[in-house]
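Participant: The following comprises the amino acid sequence and a computationally predicted model.
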Amino acid sequence: MAIQDSASIRVLPGTHSLPLPISFGTETLLTSLFLKCSSPESKIFIEASVCWRAEASQLPIVPKIILRLRRGGVTPAFPEVSQIADSCYWTNNMSPTSVTTTFYHVESPEPGTDGLYQSYYLTAESAGIGTITVMGPIVLKGTTIGYS
Amino acid sequence: MSDWIDFSAQEVSVGTGSLPLSIATGTEILLTSIFLPIADHQTRINGYATIGWETPLLQNTQHINMIFRIRRGGFTSAHKLICWVVDSVSLGHDVPILTLDKTLSLQFTDLPSSESIGTYQQYCLTAELAGTGMATISGPITLIGGTFNL
């Protein structure tokens, strides 16, 4: 097997749109990646990592972030290939408190996409109690592994 | 590292297979496993896993420890422990939620064992609940492994 394509995006804290407030109930685009597909026997391996924080609150909060990976486009009309949620419980957090959430995903290229580029979009949604902000870094890395 | 020799992955999506899966306290259960071919002593193994889990809000305060392990060749305590991580939540009862969702990711590395040269090594991902409270594996469960030659 061989690495046939690899691409990565790293958005550092304080650069581009960071810090980025995350809306409740709607998806916000964090970053995207283009990756060259190979035959359906090959694998696309995606690693994503996002550092986010819950803003200070006098009341107990359970902030929750939903991270999604969509293929082909950023809107809910495009297939969601991975979805994960991460949250915490904080009482009386007098200052913002940070969490880094990481996940991995593997899939095979769609039939008929051999040699074409596929796009992947990483989005974030707030779904808990408390206000959250993506501080960064945001890391999205993809590798196509197949038989050459 | 010259190049990939092999790559293997299992991904159980939310709501598929046995998910959601309730976890009993003090029992190590198998989540998924992968097999990687071992060519020779020069083979090196890299692994990655992601587990989504949740804990329900109960009427009292809880401290939940979810223990995730990677074992080689099987999933009992007799099998070699390769990697061991704990994800903890302390939870009060003063918030209007039903469940708290968590995602944990880990990485591991390993060397070939002499008896597996020319055959396969199996890597098992297991979960065990400790502490006070309840937990469910909601998914996704992802276990990925790749082998390289030096």
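Facilitator: Everything's here; your move. Since this is a predicted model, take the numbers as computed values, not measurements. Residues are numbered from 1 along each chain as shown, chains lettered A, B, ... in the order given.
Participant: Can you tell me the element the closest residue to B:S33 other than its chain neighbours falls in?
Facilitator: Leaving aside its chain neighbours, B:S33 sits nearest to B:C124 (4.4 Å; criterion: C-beta to C-beta, 6 or more residues apart in numbering or on different chains). Every residue, glycine included, has its C-beta placed from N, CA and C. B:C124 belongs to strand B:120-132 when assigned by DSSP states H and E.
Participant: Ok, B:V89 next?
Facilitator: Assigned by DSSP H and E, B:V89 belongs to strand B:80-91.
Participant: Go through the helix or strand that comes right after that strand and flag the buried ones.
Facilitator: Going down the chain from strand B:80-91, the next helix or strand is strand B:99-110, by DSSP H and E. Buried residues in strand B:99-110, counting neighbours by 16 or more other C-beta atoms under 10 Å in any protein chain shown, are found at B:99-106, B:108, B:110.
Participant: Dump strand B:99-110 to PDB, restricted to CA.
Facilitator: C-alpha atoms of strand B:99-110 as PDB (Å, rounded to 0.1, in the frame of the first residue of the first chain):
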ATOM      1  CA  THR B  99     -27.400  13.200  29.100                       C
ATOM      2  CA  LEU B 100     -23.800  14.400  28.800                       C
ATOM      3  CA  ASP B 101     -22.000  13.400  25.500                       C
ATOM      4  CA  LYS B 102     -18.200  12.800  25.400                       C
ATOM      5  CA  THR B 103     -15.800  11.800  22.600                       C
ATOM      6  CA  LEU B 104     -12.400  10.400  23.300                       C
ATOM      7  CA  SER B 105      -9.600   9.700  20.800                       C
ATOM      8  CA  LEU B 106      -6.300   7.900  21.400                       C
ATOM      9  CA  GLN B 107      -3.200   6.800  19.500                       C
ATOM     10  CA  PHE B 108      -0.900   3.900  20.100                       C
ATOM     11  CA  THR B 109       2.200   2.300  18.700                       C
ATOM     12  CA  ASP B 110       3.500  -1.300  18.900                       C
END
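Participant: now the buried residues of strand B:99-110 in TSV, with pLDDT?
Facilitator: Shown next, in TSV, are the buried residues of strand B:99-110 (pLDDT from 0 to 100):
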residue	pLDDT
B:T99	92
B:L100	94
B:D101	97
B:K102	97
B:T103	98
B:L104	98
B:S105	98
B:L106	98
B:F108	98
B:D110	97
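Participant: ok now the strand holding B:V89, how far from the chain's centre?
Facilitator: Mean C-alpha position of strand B:80-91 versus that of the full chain (C-alpha atoms, centre = their mean, to the nearest Å) differs by 9 Å.
Participant: what's in contact with that strand?
Facilitator: By C-beta atoms under 8 Å, 6 or more residues apart in numbering or on different chains, the residues outside strand B:80-91 that reach it are A:88-89, B:47, B:53, B:55, B:57, B:61-73, B:100, B:102, B:104, B:106, B:108, B:110, B:113, B:123, B:131, B:133.
Participant: partner strands of it, parallel or antiparallel?
Facilitator: Looking at strand B:80-91 with DSSP bridges, its partner strands are strand B:62-72 (antiparallel).
Participant: and the strand holding B:V89, C-alpha only, in CSV?
Facilitator: The C-alpha coordinates for strand B:80-91 follow below in CSV (Å, rounded to 0.1, in the frame of the first residue of the first chain):
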residue,chain,number,x,y,z
LYS,B,80,-1.1,-7.9,26.5
LEU,B,81,-2.1,-4.3,27.3
ILE,B,82,-0.8,-1.9,24.7
CYS,B,83,-2.5,1.3,25.6
TRP,B,84,-4.7,2.5,28.5
VAL,B,85,-6.6,5.8,28.8
VAL,B,86,-9.3,7.1,31.2
ASP,B,87,-11.9,9.7,30.3
SER,B,88,-13.6,11.2,33.5
VAL,B,89,-16.7,13.3,34.1
SER,B,90,-17.8,14.8,37.4
LEU,B,91,-21.4,15.7,37.1
